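Chemist: This is a predicted model, with the sequence first.
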There are 2 protein chains.
Amino acid sequence: MILLFQPDNKKCEIEREENLLFGAEKAGVLIDGSCGGAGICGKCKIRVISGTVSPLTEKEKEILTEEELKKGYRLACLTYPVDDLVLELPGTHKGSSRKKDMAALPEGFEPEPLISKIHRKVKRPSMKDQRSDFDRIEDTFEIHNMKIDWELLGGIHGVLDEKRGDVTGVFRGNRLIALEAGDTEDYSYGMAFDIGTTTVVAMLWNLKKAEVLGVTARTNPQSIYGADVISRIQYCNEGENHLANMQQKILDCFRDMIGELCETCQVDPAAIYDITVVGNTTMSHLFLGVHPKSLARTPFAPVFCRSVDVPAKELCLGVNPGANVCFLPNIAGHVGADISAVLLATGLKEKKGANIAIDIGTNGEILLEKDGQLYACSTAAGPAFEGAAIYMGMRAADGAIEKVRIEDGKLYIHTIEDAPPLGICGSGLIDAVAQLLEAGIVLPTGRMLTGEEALETGISPELAGKIVQNDQIPAFVLAERKDGDPIILTQQDIREVQLAKGAIYAGMKTMMKMAGVEIEDLNSIILAGAFGNYIDKKSALKIGLLPDIGEEKIISVGNAAGAGACMALLSKTSRELVKSLVKEVTHVELSVNMDFQEEYMIAMNF
Amino acid sequence: MILLFQPDNKKCEIEREENLLFGAEKAGVLIDGSCGGAGICGKCKIRVISGTVSPLTEKEKEILTEEELKKGYRLACLTYPVDDLVLELPGTHKGSSRKKDMAALPEGFEPEPLISKIHRKVKRPSMKDQRSDFDRIEDTFEIHNMKIDWELLGGIHGVLDEKRGDVTGVFRGNRLIALEAGDTEDYSYGMAFDIGTTTVVAMLWNLKKAEVLGVTARTNPQSIYGADVISRIQYCNEGENHLANMQQKILDCFRDMIGELCETCQVDPAAIYDITVVGNTTMSHLFLGVHPKSLARTPFAPVFCRSVDVPAKELCLGVNPGANVCFLPNIAGHVGADISAVLLATGLKEKKGANIAIDIGTNGEILLEKDGQLYACSTAAGPAFEGAAIYMGMRAADGAIEKVRIEDGKLYIHTIEDAPPLGICGSGLIDAVAQLLEAGIVLPTGRMLTGEEALETGISPELAGKIVQNDQIPAFVLAERKDGDPIILTQQDIREVQLAKGAIYAGMKTMMKMAGVEIEDLNSIILAGAFGNYIDKKSALKIGLLPDIGEEKIISVGNAAGAGACMALLSKTSRELVKSLVKEVTHVELSVNMDFQEEYMIAMNF
């Protein structure tokens, strides 16, 4: 069985007879097991996000609270894997599951729901009015050319009978998607999902009030089969049922999040009538069970780009059977619906002059607008800024180093929630590299000095002492973990940052050249993605992740992809708008672009 | 277990340990069991139409041909029921399964299929054309605003790959419902179904050539739960899973017929893209799993009337997953889609003056047209003319008495296929009553003379001798069965005929009064239904089933309901036309109509 531990993003393989505490040790994940695996101390709590584990033991029932049991917590020392697992340590997802991290809906946004609920009294039939139930319903609601899902026919007679014709019709346009006894006009809910390669975010909305009720997030359970889209595509290629497995994993995750939000917010899942989803192009393919193999080889043509509507019941999501799931349109093979949603949410097209929006997630996708003309590209930035591929990287969770400062020859770090340090997350990584550059410990070429070299160049002995040799290559000690292990930033980590930031910067420059935009023409750079909220702009400019247009022109808007999904959920006009916007975008393929290759070589340096 | 034997329409209940030969005896059905149930003679062949039986024995494998085994034949003496069964004796369905019994499509009918197949070459993607597979398909087929079923997305990449972009698109309007590798333009099939209460007829069409390839018929497997719609509705009321069971029975029957026709006509079921269905209102409800209980009690309002489209895959019909099943619109609770199809096929609306179309099946539904105005009613004629409720009644099959003549004091009968007489079918029943009336053996009140009375009134001794006492009531011996049992027409049978023909006649008169039509105004009476092909018009006029407008104005058109279903299958215009025609029909409810009550009392006499 493969275990994937979050937020550390660490994997291991264990046998069925080996418990999760053993797995955590093997993967190098720090779990407190004070009682040595006797199931007494209750400290080795771990949450099962995806996959099947051994049945709950009596001891766990005693130690864990009802709340914890509900959320899927187990004691690692008493739990054994039955299949591949995604596990989460307590304190994860501080970031993306908080309402405040959601991008706000743009000012002046007018909700205009696609779902309408109408309460009416339908006359009973009589020998003078022998019309069918459906005809009387149609007449009562006065919907022209009313349509109905055939499965609904079996139930309408009973619903009419229940309260003597007192019913609420639920309509999507002129289509009756549900009929409910009594007045249920006030209960109308919808959900927006943002499937990130790493994290899936779900938002529950009251459609009538356009009010968000709850937000939750999960590790994308597909992560177990690869941290980035390419490795997941490879996994799909490797076995006949792998594609179906990937689809089931994400659908299971949806069901789980729907269940959680409905329970927390006291909403009947049957009152969820509409769902929008965004994600990158690979996620859109996997979600719909479409093999994404063409995305992993030239010319990277996806199977589809347009938005796809699927009856929720065909995906067995457990919401109202008449609900629709709309996956927003993709732009290209590696510019997905999440970027379409960013385009929608940022209102980029309407901005004056030249502007850039950039979503730094597992990949780095960039949108450029110049006088209403739109360009998009995707850079293979890799998931470095999400902590993957970084030696001691982790996601933004309790204990992640998120800020690093070097002042007067001394090192200061700050962790999320001031928890004991566990690793380093994206914003901490950018900070660390920027500060080491500033201090001269890392050279503009990216090379880290050895301790000796540092002392020679006048670096304080305290800082120089933090430079150690890791596999005979320099590494910088940022902090020490509870177990005594040092948290280090390696030379390789710095190379990863160079590759990632170089790709993003070069991508921007290439598109700008194409559109005839100079750096000084840029009115703004919009940072989309929760990550943008935490990034230190100065550090980002220092390492050359962004062109230097002045800190004040760099705007963080939070999870704009999620915000776009919400806008499309809440407004007919927005949903149509995003469909037409994507058609206007010129996709720039960087992999065969000579300008890009050149810019990349230059941008790799700090 | 309940057994229903066709064509005799006879039921019995036997235990699991009792074989079908025993059941046939118990039900009073004549099966040749020469070897006394030893499984040697092979004469007790019987076809299992619906339900599960004991596994095939070695002896049966020896005796039955491969052809017979395929068709579901078994030896009654070696077969035991596992659940309720519908069984058919060899030689059944001579009538309705013959192509010639189908109503011809009207002259000048222009096929205009809803399905179009287009063969094209889709360009492969390149670094210069990175558009999605779907976008390139859309561009190639030049279909404006092309839509696609989301399930198709998973397959299109593979189909494009198979022959390097050489594909055939299957479209319903602007919706791509299937994509096939290579040129398959010539393979486009559809099916039309007519669900009679008693018999289900299926027709397989080549949609491109508008050519019928095959016709088959089955006993409606729901028959086991009641001969008429009311008893089937009662059955649905009696148990929680009964409705689902009824739906499954008819869907199984569809699958079976699709399988048979595809095999016989060498058609790949995956090349069936369109299906139309007609049937009475109860059949439409049962087919879609909608409880028909409201049809069995005043005010007889159905749950729906309009046409209903269902994806074939949701009914698991085994045809192309993109195929659509369209159940044509009903007119009222007891005037169903079959009558809508008759309205379409007969072109009644366009006829000059006043005209009537009547479908004598298990019920008798009547359409009246006067100067383009349309009226419809349903009479509870009962299934007398289909042999049900008639003492020795049977369906039109080998051995059924179909013609009766009394000439010069002598009785002549004719059976279907000149087979040894087994019972009496509808046309024979009308003939027999007409001839007995003519001969004076039955009085205009419907009373049958006793043998003595007959002799007294000068009836020939030979005929008078055929009047016997059956349960102390007179009955007339028409023939003798092989086993020596007489085939009799009872006093009760004559009462059934009076009730049936009285209801139909009174129905016509009531509608005519409403529309201001006199008998002499009628330009034609169109007999729809296979039964109309066999009816002796003189006899029908003699017994007063039809108003006397002259034999030449009575036109038999065969299975017009089936023809209407075929027209709606083959032509977009016809499918739209039937939807608009039904909206013009004034439904006349006879059960509360005082005129009808009065006319009925009068019309009961001969």
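Modeler: That came in fine, so what should we check first?
Chemist: what about residue A:234, how many neighbours?
Modeler: 15 (other C-beta atoms under 10 Å in any protein chain shown). Every C-beta, even on glycine, is put in place using the N, C-alpha and C of the backbone.
Chemist: Phi and psi next, for it.
Modeler: The phi and psi values for residue A:234, taken as degrees, to the nearest 10, are phi -60, psi -40.
Chemist: In contact with residue A:561, which residues?
Modeler: Residue A:561 sits next to A:194, A:278, A:338, A:339, A:341, A:342, A:345, A:359, A:528, A:529 when contact means C-beta atoms under 8 Å, 6 or more residues apart in numbering or on different chains.
Chemist: 10 Å instead?
Modeler: Applying C-beta atoms under 10 Å, 6 or more residues apart in numbering or on different chains, we find residue A:561 in contact with A:103, A:192, A:194-196, A:201, A:278-280, A:328, A:336-345, A:359, A:361, A:365, A:528-530.
Chemist: before we move on, what about residue A:43?
Modeler: Contacts for residue A:43 (C-beta under 10 Å, 6+ apart) come out as A:31, A:32, A:33, A:34, A:35, A:63, A:75, A:76, A:77, A:90.
Chemist: Leaving out chain neighbours, which residue sits closest to the second one?
Modeler: Read it as residue A:32. Using C-beta to C-beta, 6 or more residues apart in numbering or on different chains and skipping residues adjacent in sequence, the residue nearest residue A:32 is residue A:43, 4.2 Å away.
Chemist: How much space separates the one you found from residue A:587?
Modeler: Distance, residue A:43 to residue A:587, using C-beta to C-beta, to the nearest Å: 51 Å.
Chemist: what's the answer for residue A:187, then?
Modeler: Distance of residue A:187 to residue A:587, given as C-beta to C-beta: 42 Å.
Chemist: do residue A:538 as well
Modeler: From residue A:538 across to residue A:587, the span is 32 Å (C-beta to C-beta).
Chemist: For the stretch 201-350 of chain A, just list every one of the helices.
Modeler: Taking DSSP state H, counting those that start in this stretch as the test, the helices found in the stretch 201-350 of chain A are A:229-238, A:242-265, A:281-287, A:337-346.
Chemist: With mean pLDDT and distance to residue B:573 added, can I get those in JSON lines?
Modeler: Putting the helices of the stretch 201-350 of chain A into JSON lines (pLDDT from 0 to 100; distance: least, C-beta to C-beta, whole Å) gives the following:
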{"stretch": "helix A:229-238", "mean pLDDT": "94", "distance to residue B:573": "46"}
{"stretch": "helix A:242-265", "mean pLDDT": "95", "distance to residue B:573": "42"}
{"stretch": "helix A:281-287", "mean pLDDT": "98", "distance to residue B:573": "39"}
{"stretch": "helix A:337-346", "mean pLDDT": "97", "distance to residue B:573": "40"}
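Chemist: among those, which is the most enclosed?
Modeler: Comparing these by mean neighbour count (mean count of other C-beta atoms under 10 Å in any protein chain shown), helix A:337-346 comes out on top with a mean of 30.
Chemist: Report the mean per-residue pLDDT for the helix or strand just after it.
Modeler: Downstream of helix A:337-346, the next assigned helix or strand under DSSP states H and E is strand A:354-360. Averaged over strand A:354-360, pLDDT sits at 94.
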